[in-house]
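Chemist: From the sequence below, what's the structure:
(2 chains)
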Amino acid sequence: QKEVEQNSGPLSVPEGAIASLNCTYSDRGSQSFFWYRQYSGKSPELIMSIYSNGDKEDGRFTAQLNKASQYVSLLIRDSQPSDSATYLCAGKISGGYNKLIFGAGTRLAVHP
Amino acid sequence: DGGITQSPKYLFRKEGQNVTLSCEQNLNHDAMYWYRQDPGQGLRLIYYSQIVNDFQKGDIAEGYSVSREKKESFPLTVTSAQKNPTAFYLCASRQKITDTQYFGPGTRLTVL
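Modeler: Numbers count the residues shown, from 1 in each chain, chains lettered A, B, ... in the order given. Take a look at the predicted model:
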């Protein structure tokens, strides 16, 4: 059974701090990973995608991928109350299937 | 505007009824997906279609049916065989070049 694991949280951080969200995956052949943000009652929206080992930065967001450790993370710098949401990690299943496996999500709460 | 639309936003079903959820996209994406999300859980794949007139079962296809007669449209029918259909249903389409799935706004189905 291919899985993506996330700590459900809530992860509580003060405004202006760095929020660190983590995800592990079991499918060693997975090549593509995605972070989605989901506000309560809304659909997921893409934050970052990452395909190769290392860091990828986009504004306040940095995604990190370590394929040897099967670990993906998302860092949010200068966290704002508007960042409070559930963050879903997803990995593409290996083997030629165009399907994603989603983690259950980590709830982030940024307090003023 | 390019995007994915789902209708209706809210849907109420009586016991024993079949209901159909609409999903339309004008992004020219080949692949489309249906997910179900229950409170506090990640997304679970119901059905997906990689091309017109072809579709495959996902992890939780029992009690659901789909069709893909047009590239733009991928309706989902929730049949009376689905014993616990109350959930948030999300449709997505995949951008081939980036392997990224984009989501519609979702349909919230409640069984009365």
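
Chemist: element containing the residue nearest the centre of chain B, please.
Modeler: The residue lying closest to the centre of chain B (C-alpha atoms, centre = their mean) is residue B:34, at 3.1 Å. If you go by DSSP states H and E, residue B:34 is part of strand B:31-37.

Chemist: Can you tell me what sits against that strand?
Modeler: A:98-99, A:102, B:21, B:23, B:25, B:43-51, B:58, B:60, B:64, B:66, B:68, B:74, B:76, B:87-94, B:96, B:101 (C-beta atoms under 8 Å, 6 or more residues apart in numbering or on different chains). Quick note: C-beta positions are derived from backbone N, CA and C, even for glycine.

Chemist: for chain A, what are the nearby residues on chain B?
Modeler: Within chain B, the positions near chain A by C-beta under 8 Å from any C-beta of the partner chain are B:31, B:33, B:35, B:40-45, B:48, B:50, B:58, B:90, B:94, B:98-106.

Chemist: Drop anything exposed from these.
Modeler: B:31, B:33, B:35, B:42-45, B:48, B:50, B:58, B:90, B:94, B:99-104, B:106 (16 or more other C-beta atoms under 10 Å in any protein chain shown).

Chemist: Among those residues, which lie within strands?
Modeler: B:31, B:33, B:35, B:43-45, B:48, B:50, B:90, B:94, B:100-103 (DSSP state E).

Chemist: Now do the same contact list for the residue lying closest to residue A:2 once chain neighbours are set aside.
Modeler: Among residues not flanking residue A:2 along the chain, residue A:27 sits closest, at 4.3 Å (C-beta to C-beta, 6 or more residues apart in numbering or on different chains). Counting by C-beta under 8 Å, 6+ apart, residue A:27 makes contact with A:2, A:91, A:93-94, A:101.

Chemist: between these, which is nearest chain B?
Modeler: Within the contacts of residue A:27, the smallest distance to chain B is 8.4 Å, found for residue A:101 (C-beta to the nearest C-beta).
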